[in-house]
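Undergrad: After the sequence you'll find the predicted model.
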Amino acid sequence: MSANTALRCPTCNTLVTRQDEYFPFCSDRCRLIDLGKWASGGYRISSPILDPEVLEGLNEESRRPKNDDDDDRDTH
């Protein structure tokens with residue numbers, strides 16, 4: 001990326017350049033908004049499920065027909 005390339009602030013879409021103080025954000029406010037989304041769980045980095053036992057359990061659940069009785073558990 002060249003020194004004068006403009007990007008969009010990920011929070012508000014304002015144009016910013018590498019020379020801007022808060023790059024890649026346009027301001028400290030937008031930087032803090034983004035940080036808050038990470039801290040509150042608004043953003044997540046997903047990872048693939050690699051455990052064969054977990055994958056097997058998911059496949060079994062997806063093949064099992066939904067029974068109306070599953071939601072009507074007796075709680076009395």
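TA: Here it is on my side, so go on.

Undergrad: Would you map the strands across this protein?
TA: Taking DSSP state E as the criterion, the chain carries its strands at 6-8, 15-17.

Undergrad: What ranges does the protein have for its helices?
TA: Remark: helices assigned in the chain by DSSP state H are 28-39, 52-63.

Undergrad: Go through those helices and find the least confident stretch.
TA: Lowest mean pLDDT of the helices of the chain: helix 52-63, a mean of 70.

Undergrad: Look up the residues forming beta bridges with the residue lying closest to residue 4 once chain neighbours are set aside.
TA: Leaving aside its sequence neighbours, residue 4 sits nearest to residue 17 (Cβ to Cβ, 6 or more residues apart in numbering; 6.2 Å). Where C-beta positions appear, they are placed from N, C-alpha and C, glycine not excepted. Beta-bridge partners recorded for residue 17 (DSSP bridges): residue 6.

Undergrad: give the contact list for residue 17.
TA: Going by Cβ atoms under 8 Å, 6 or more residues apart in numbering, residue 17 touches 3-7, 23.

Undergrad: re the thing from before, so of the helices of the chain, which one's packed in deepest?
TA: When the helices of the chain are scored by mean count of other Cβ atoms under 10 Å, the highest mean neighbour count falls to helix 28-39 (a mean of 13).

Undergrad: Mind listing residues that contact that helix?
TA: 9-12, 14, 22, 25, 42-43.

Undergrad: between the contacts of residue 17, which is nearest residue 56?
TA: residue 7 (43.6 Å; Cβ to Cβ).
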